[in-house]
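1. Build me a model:
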Amino acid sequence: MDRKSKLRSGLLFGGVMALVFLLQNLFSQQASSGKNTLIIVVASLIGGLVAGLIFVAIMSWFIKSRYGARGIQFELEIGESVVFQSPANHNKGLEAVGGQLLLTNHRLVFKSHKVNIQNHELIIPLAEIAQVSRFKSLGIVNNGLEVTLRNGTNERFIVQQAESWIEKLSNRS
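-> Sure thing, here's the model as predicted:
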């Protein structure tokens with residue numbers, strides 16, 4: 001996870017937490033005076049900032065741990081070479097399964113890390129890929145990669161560098 005992604009994730013999480021803290025404090029405290037309201041707003045913003053920093057620290061540790069990306073090992077076949085690799089989430093039902101996405105000169109492979117409900121590995125031979133495109137995760141964030149297979153099945157991944165993934169998958173011949 002690069003610095004820009006960490007900052008974006010921390011700010012998003014911290015902003016959501018600040019809003020939660022603010023609403024919780026406004027509805028549970030006596031916010032009758034302007035001074036009390038100002039204290040609640042400032043405390044909520046500081047709490048959100050701290051929550052965002054803690055979130056980034058925990059996620060950074062997790063990615064580097066044996067339970068996260070570092071713990072995922074791919075076995076390459078003879079004559080196979082790595083083209084591109086990054087952390088990814090594979091949309092499987094309601095769960096966004098965390099893991100690594102690997103593109104080789106023969107196949108696209110997703111392998112989940114150990115801390116998921118639906119641990120799995122997905123292997124897609126490149127010859128089976130009909131089309132690749134982007135989609136917006138949660139309908140708002142443009143970081144989705146959709147892989148349409150020749151049989152009509154769609155596999156969806158949340159990735160960093162979605163444009164790079166599309167470029168490399170489109171130029172796979």
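2. hey, let's count contacts and neighbours off CA atoms from now on
-> Fine.
3. from the chain's centre, how far out does stretch 39-46 sit?
-> Centre-to-centre, stretch 39-46 and its host chain are 29 Å apart (CA atoms, centre = their mean, to the nearest Å).
4. swap in stretch 125-145?
-> Per CA atoms, centre = their mean, the centroid offset for stretch 125-145 relative to its chain is 13 Å.
5. mind checking the end-to-end distance for that stretch?
-> The stretch stretch 125-145 measures 17 Å between its terminal residues, going by CA to CA, to the nearest Å.
6. Identify the residues contacting that stretch?
-> Residues from elsewhere that reach stretch 125-145, judged by CA atoms under 8 Å, 6 or more residues apart in numbering: 105-108, 146-151, 156-162, 165-166, 169-170, 172.
7. hey, where'd the helices end up in this structure?
-> In the chain, helices defined by DSSP state H lie at 3-28, 34-64, 162-170, listed in chain order.
8. List only buried entries from the contacts of stretch 125-145.
-> Among the contacts of stretch 125-145, those classed as buried by 16 or more other CA atoms under 10 Å are 105-108, 146-149, 156-160, 162, 165-166, 169.
9. Poorly predicted segments of the chain, please.
-> For the chain, the stretches flagged by pLDDT under 70 are 1-2, 29-35, 61-72, 115-116, 172-173.
10. care to break it down by domain?
-> Structural domains annotated on the chain: 3-64, 73-170, as defined by automatic domain parsing.
11. how long is the last one from one end to the other?
-> The first and last residues of domain 73-170 sit 25 Å apart, counting by CA to CA.
12. Please apply the same query to stretch 101-113.
-> Stretch 101-113 end-to-end distance (CA to CA) = 11 Å.
13. just stretch 92-112 next, same as before
-> 11 Å.
14. Quick one: residues in contact with that stretch.
-> Counting by CA under 8 Å, 6+ apart, the neighbours of stretch 92-112 from elsewhere in the structure are 68-69, 72, 80-91, 113, 115-126, 169, 172.
15. Can you flag the buried ones in the residues you listed?
-> Buried by 16+ other CA under 10 Å: 68-69, 86-91, 113, 120, 124, 126, 169, out of the contacts of stretch 92-112.
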